[in-house]
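In: Okay, here's the prediction I keep looking at, along with the sequence it came from:
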Amino acid sequence: MQCGCDGLAQDRLGGRLNLTSKGLAVCLSRVLSKRLPTLVLGGGGYDPVSVSRCWTLLTATCLRLKLNEDIPEHDNYDLYAPTFTLYTKPRPTRQNLNSAEHIKKVGTVVKAVLVNLNKKMEEKFREEKEREKDKHAIPDPLHSHIVTQPKPPPPLPSLPSPLSS
């Protein structure tokens with residue numbers, strides 16, 4: 001899971017997304033709850049204080065640790081003013097442009113992609129099992145020249161822009 005911090009509200013370059021460290025931690029926690037091998041990557045983030053807050057929280061989430069939300073005093077403690085907490089805050093002046101309808105459409109597309117991916121993985125697994133079985137079979141010289149092409153995946157629904165409405 002890519003956990004870049006440039007979407008955090010305080011970030012000068014990508015903060016338009018108005019994300020919070022707690023929001024990213026909740027997403028990460030949901031992914032980790034599936035108990036599948038997960039590669040967690042950091043990246044981005046141009047506000048060092050927000051990045052340190054976020055990556056501390058995300059690391060604790062990976063380790064399934066509950067941290068005290070208060071930042072302990074240290075040499076750079078004043079940089080964490082005015083809240084002195086682990087959590088970043090959204091900017092209240094930023095309008096939420098994600099309508100419930102748009103979020104539902106995004107969810108539908110993501111679900112379609114995941115269903116399609118699952119089907120492809122099951123198909124690949126079956127093909128590998130067949131190949132393994134064929135390794136032990138006696139070759140048939142009459143049919144060894146036949147090559148089949150895989151079917152193309154069905155098209156995915158298009159996703160409208162949240163700003164186009």
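Out: Received it, and whenever you're ready, just let me know what you need. Just so you know, these numbers come straight off a predicted model, no measurement behind them.
In: what pLDDT, on average, does the strand or helix carrying residue 107 get?
Out: Taking DSSP states H and E as the definition, residue 107 sits inside helix 100-135. Throughout helix 100-135, pLDDT has a mean value of 88.
In: same deal with stretch 27-42?
Out: On average, stretch 27-42 scores 92.
In: how about the helix holding residue 107: buried residues?
Out: For helix 100-135, a neighbour-count test (16 or more other Cβ atoms under 10 Å) marks 102, 105 as buried. Quick note: C-beta positions are derived from backbone N, CA and C, even for glycine.
In: for residue 41, phi and psi?
Out: Per-residue torsions, residue 41: phi -120, psi 140 (degrees, to the nearest 10).
In: can you check residue 70 too?
Out: Dihedral angles of residue 70 (phi, psi; degrees, to the nearest 10) stand at phi -80, psi 130.
In: Return the residues in contact with it.
Out: By Cβ atoms under 8 Å, 6 or more residues apart in numbering, the residues touching residue 70 are 84, 85, 86.
In: what bridges to it?
Out: Residue 70 has the following beta-bridge partners by DSSP bridges: residue 85.
In: State the distance from it to residue 43.
Out: In this view, residue 70 and residue 43 are 27 Å apart by Cβ to Cβ, to the nearest Å.
In: And residue 1, by the same measure?
Out: Using Cβ to Cβ, residue 1 is found at 11 Å from residue 43.
In: and what of residue 127?
Out: Distance from residue 127 to residue 43, by Cβ to Cβ: 35 Å.
In: hmm, back to that, comparing residue 1 and residue 43, which residue is more hemmed in?
Out: residue 1 (14 against 9; other Cβ atoms under 10 Å).
In: show me what contacts the more buried one?
Out: Applying Cβ under 8 Å, 6+ apart to residue 1 gives the contacts 27, 28, 31, 38, 39, 40, 41.
In: Which pair of those spans the longest distance?
Out: Comparing every pair within these by Cβ to Cβ identifies 27 and 39 as the most remote, at 14.9 Å.
In: Between these two, tell me which one has more neighbours.
Out: Neighbour count, other Cβ under 10 Å: between residue 27 and residue 39, residue 27 has more, with 15 against 6.
In: Where does that one fall, secondary structure wise?
Out: Per DSSP H and E, residue 27 falls inside helix 21-32.
In: Stretch 50-64 - what's its average pLDDT?
Out: For stretch 50-64, mean pLDDT is 95.
In: Next, count neighbours for residue 59.
Out: By other Cβ under 10 Å, the residues close to residue 59 number 15.
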